[in-house]
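*Asks:* Model the following, please.
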Amino acid sequence: MLKEFREFAMRGNVLDMAIGIIIGGAFGKIVSSLVGDVLMPPIGLLMGKVDFSSLFLNLSGTPQPSLIAARRPEPPRSTMESFCRPCSISSSSRL
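*Replies:* The predicted structure is shown next:
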């Protein structure tokens, strides 16, 4: 079974896909660095010393005072209603 898997993995398609994923991930980081570190500072300077690192668009509907507050994850919640309602419905239907 291991021999068959090795033959399948070395056919080329799987190996090519794995190499493509690795190169794509590295290329994505290179592009992000190029945009964030090389292109955006001069564009911000030309637009009147705009600091793009602190700008954000709030889509949540709740006011956020800063980018740090907007990135902060909300505390996890657990509602017993989502568990108790199906249990009570199924137990009452069996009566």
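*Asks:* From here on, just use CA atoms for contacts and neighbour counts.
*Replies:* OK.
*Asks:* For G44, give its distance to V14.
*Replies:* In this view, G44 and V14 are 43 Å apart by C-alpha to C-alpha, to the nearest Å.
*Asks:* Listing request: residues of the protein with sub-threshold pLDDT.
*Replies:* 9, 12, 75-95 (pLDDT under 70).
*Asks:* ok now the longest helix seen in the chain, how far from the chain's centre?
*Replies:* Ordering each helix of the chain by length in residues (DSSP state H) puts helix 13-33 first. Between the centre of helix 13-33 and the centre of its chain there are 17 Å (C-alpha atoms, centre = their mean, to the nearest Å).
*Asks:* In PDB, list the C-alpha atoms belonging to it.
*Replies:* This file holds the C-alpha atoms of helix 13-33, laid out as PDB (Å, rounded to 0.1, in the frame of the first residue of the first chain):
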ATOM      1  CA  ASN A  13       0.500  15.900 -10.700                       C
ATOM      2  CA  VAL A  14       0.600  15.800  -6.900                       C
ATOM      3  CA  LEU A  15       4.200  16.900  -6.800                       C
ATOM      4  CA  ASP A  16       3.600  19.800  -9.200                       C
ATOM      5  CA  MET A  17       0.600  20.900  -7.100                       C
ATOM      6  CA  ALA A  18       2.600  20.800  -3.900                       C
ATOM      7  CA  ILE A  19       5.400  22.900  -5.400                       C
ATOM      8  CA  GLY A  20       2.800  25.300  -6.800                       C
ATOM      9  CA  ILE A  21       1.200  25.800  -3.400                       C
ATOM     10  CA  ILE A  22       4.600  26.500  -1.800                       C
ATOM     11  CA  ILE A  23       5.700  28.900  -4.500                       C
ATOM     12  CA  GLY A  24       2.200  30.600  -4.400                       C
ATOM     13  CA  GLY A  25       2.500  31.100  -0.600                       C
ATOM     14  CA  ALA A  26       5.900  32.600  -0.900                       C
ATOM     15  CA  PHE A  27       4.900  34.900  -3.800                       C
ATOM     16  CA  GLY A  28       1.900  36.100  -1.800                       C
ATOM     17  CA  LYS A  29       4.200  37.200   1.100                       C
ATOM     18  CA  ILE A  30       6.500  38.900  -1.400                       C
ATOM     19  CA  VAL A  31       3.600  40.900  -3.000                       C
ATOM     20  CA  SER A  32       2.200  41.900   0.400                       C
ATOM     21  CA  SER A  33       5.600  43.100   1.500                       C
END
